[in-house]
Every structure is written in C-alpha cells, then in structure tokens.
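*Asks:* Got a predicted model here, sequence first, then my questions.
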Amino acid sequence: MRTLFGILLLLFAAASATLIAVRNPGYVLITREPFVLETSLAVFLLIAIVIFTLLYFCVRLLVRIVRAPHSLTRWRQTRRTRKAREAFLNGITHLLAGEWLKAEKELVACLHAADSPFLGYLAAAMAAQGQGDLYKRDNYLSQAHRHSSANTLATEMTQAQLQLFAGQNEQALATLTQVQAGHPQQARAVRLLIEAHRRLRDWQNLARLLPEARRRHMLPDEELNDLERSTQRELLSLPLPAGALDTLHQAWSGVSENARQHPELVSVYAQQLINQNAMAECTALLATTLERQWDERLVLLYGEAHDAQPAAQLETAEEWLARHGESPALLLTLGRLARRNRLAERARRYLEKSLTLGASAAAHAELGTLFEEAGDSARALSHCRQALELCRNLHHPVLSSQGRPAAGKSGLNDYGY
C-alpha cells in the first residue's frame, strides 16, 4: 500500500512539474567565451540532476574500490565468526548427546574465531574427559585459564567438577580450596567441597563445613541430616587408645542434640564406651535410649556391656521381653545376661529360643560357650562349628554367573558428577 501511494505521489509531482514547465519554461543563458549555453530552465534542471546523479555514483564506486581490501577483510572475519558460532553450537549439541569425538572436533574448529574462546576450551575439556583422555582435558583447561581473564571462577569450577567426575579427589580438593579462598560465598563450591571431603573420608573438615551448609540451605534437610549423622558416626568410630574416655566424651558433646537421639549414633557411642570399659555409663545410656525408642542394635549392645550389676541388667531385659515380645536379638541378650548371672538353664532356653526365631552366629557361639562350661564338649563343638559356618557364609561375596562379585550401586552421586 505504501509503495502504491509513493508511486502515485511521484506521478503527481512529475505531472505538476511538466505542466509548470510547459506554461512557464523559464530561460537559462550561460556564456563562457567562446561557448554559449542557452536553454530553458526545465531542461537545465534535468541535465543538472542527471550530471549530479552520475557524479554521485562515480564517487560511490571510487570509495568502494578504495575500501575494497578493508571490506573484504571484514567480510571474511564476519564469515569466520558466523561459522565459528555454528561450529560451537554443533559442538555443544554433540556434547549434550554424548558424542564426545564429534563434539571435540566441532569445538576445536571454532576456537580460532570464537567470541569467547575459554567457553570453547571448557566444552572441549568436557568432551576430552568423556573420551577418557585426561591429558588432553588438562591441556584444554590450561588454555581456558589463559583465555578466561575475568571468568576464572567458571574455569575453576568446571575443572573441579571434571576432577571429581574422574575420581581425582585430591586434585579436586586443591582446586576447590583455591576457589573458596577467592570466592567464600560461592555455594556450589562449598557443596563440591563437601563431596570431596566425603570421598576422601576427611570427616573432621566435613564436620566443619556442614553447619555452614545448613545455615545457607545448600542441601535438602533430609540429605543434610543423613550426611551429618554419617559424619558423626565416622568420627565417633575412630579408634581410641585405652584411657581416652575424656576424648570420647568431648566428641559426643560435639554431636547435635537431635543426632544424639538417633539409634545409629547411640550404638556407635555405646560401642566406644564398651571399648573404654565404661560399662555403667554404657548400660545407663542404652536403657534410657531404649525406653524412648526401641532398636535391636541397642538391645544387642546392652547384652555385650559387662555391667557391675548383671542381675539388674537381666531384670531390665526381662521387663523389655514382657513389653516388646520375643525377638532373636532380645532373646540373645537375655541368654548372655542369664549366663553372666550363672543361670545356665535359663540362659540355654533363651538362646535356643533365639535360634528358633532366626539362626545367628552369636547365639550359636554363646550356646557353645555355655555347653563348654557345663562340660558337654560334643554339643559345644557342634554349636561352634555352626557359628563358624554362619560367619563364613556371612563374609563370602555373592558371585554373579561370570564369577565376579555382583554389581552394586553406581559410583555416581546426586550433585551431577
């Protein structure tokens, strides 16, 4: 519509100019000895317009000829940049599809003309690691460092994640420590540090990081609680020399109040108390915890603690039997406590009942000891053999049809490595 309107306007202007020129053609006289130019004003204006147009296009052509080398260079650069962008996008597409070799070829092809070479080097490092070539990966990462300038954080974070994915936990820890020194508020770095310390079983440094992770809500509460319990469990399980009860108390005081209520941590702490010969403290802790929350592991530990008052222990355990009913663990504990109180017949009944509910090496071993004390060597030997057989079966690996241990869970974790 605009084009039609423009054409009509142009025709109207031309027709108006023609009518004016016909009615009043004007007169132009230009003399320059020995030349004389005499014509109408309309013809003169037409000639002037034609000459001006020719001069304009000639000048334009001359300028383009002069600028041709520069324009050609700029065109080539634009073309290279466009191809580099296409190669980068293709490389990223292949990278996301897991086509590592194709991704590397496309990404390397775009590096010479890329807008941000360090991004291409980082992506090429990922492609190289996907192929298992850590040497090439490290070369690409060093190139990314050289081109990163103000983007060192992105390069270092990518490097740390690739190192964790490759199982290079010590190198990843060194990289992440450097990142945290320069960017202490980087939440992702703290989360990766937690994973690196967990893999390296560096429980003390991990325990120092967890409060910050909880304060900044870096992990879901359930995951953080599990990680905190496992860390405290490992710290409490560290071997202690005899007479280190004060050290054990100090470690337990560092456990949060909520975690102290968890049976898993209580069982680890109770076992350490038994190792430190703090039997009275151990039985009191187990009895208090079992009153609040019933747990078979704690019941077994209660039977292993040699308190100075075994009769009181047996009485407490028999009260549990009346309240919680029979279970292999509780009956085993009752058998142990009855034997410790020299109630051989009652101990035998408890242990045999425990075996009817579920055979265990510990129950067979207790019965073997009981019959040995009674002088019945044959039955003692029979139960000891059964205990040994159960232990052998317990520690024998389950084999697949190819003769290899059955596969477990994948080594990958929920942080994206």
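*Replies:* Sure thing, it's come through. Numbers count the residues shown, from 1 in each chain.
*Asks:* Tell me how this structure divides into domains.
*Replies:* 21-91, 116-213 (automatic domain parsing).
*Asks:* Give me whichever of those is most buried.
*Replies:* domain 116-213 (a mean of 18; mean count of other CB atoms under 10 Å). Placement of C-beta: from N, CA and C, glycine included.
*Asks:* farthest residue from the center of the chain?
*Replies:* residue 34 (94.7 Å; CA atoms, centre = their mean).
*Asks:* out of the domains of the chain, nearest to residue 376?
*Replies:* domain 116-213 (46.7 Å; CB to CB).
*Asks:* how far does stretch 225-245 sit from the chain's center?
*Replies:* Computed by CA atoms, centre = their mean, to the nearest Å, the chain-centroid distance of stretch 225-245 equals 25 Å.
*Asks:* Residues contacting that stretch, please?
*Replies:* 194, 198, 201, 203-204, 206-207, 210, 214, 219, 247-248, 251-252, 254-256, 258-259, 262, 264-265, 268-269, 272, 275-278 (CB atoms under 8 Å, 6 or more residues apart in numbering).
*Asks:* What are the buried residues along it?
*Replies:* Neighbour-count burial for stretch 225-245 flags 225, 227-229, 231-236, 245 (criterion: 16 or more other CB atoms under 10 Å).
*Asks:* and if you look at stretch 295-310?
*Replies:* Buried residues in stretch 295-310 (16+ other CB under 10 Å): 295-303, 305, 307, 310.
*Asks:* Quick one: end-to-end length of stretch 228-245, please.
*Replies:* 23 Å (CA to CA, to the nearest Å).
*Asks:* I misspoke; the intended subject was stretch 302-314.
*Replies:* The first-to-last residue distance of stretch 302-314 comes to 10 Å (CA to CA).
*Asks:* now stretch 93-106: how far from the chain's centre is it?
*Replies:* 22 Å.
*Asks:* now, among the buried residues of stretch 225-245, which is nearest to residue 356?
*Replies:* residue 233 (33.0 Å).
*Asks:* and the closest one, how far is that from residue 240?
*Replies:* Between residue 233 and residue 240 the computed distance is 15 Å (CB to CB, to the nearest Å).
*Asks:* And residue 169, how close does it get to residue 234?
*Replies:* Distance from residue 169 to residue 234, by CB to CB: 16 Å.
*Asks:* actually residue 313, not the one I typed
*Replies:* 30 Å.
*Asks:* How about residue 145?
*Replies:* Applying CB to CB to residue 145 and residue 234 gives a distance of 35 Å.
*Asks:* quick revisit: please indicate which of the contacts of stretch 225-245 are buried?
*Replies:* 194, 198, 203, 206-207, 210, 214, 219, 248, 251-252, 255-256, 259, 262, 265, 268-269, 272, 275-276, 278.
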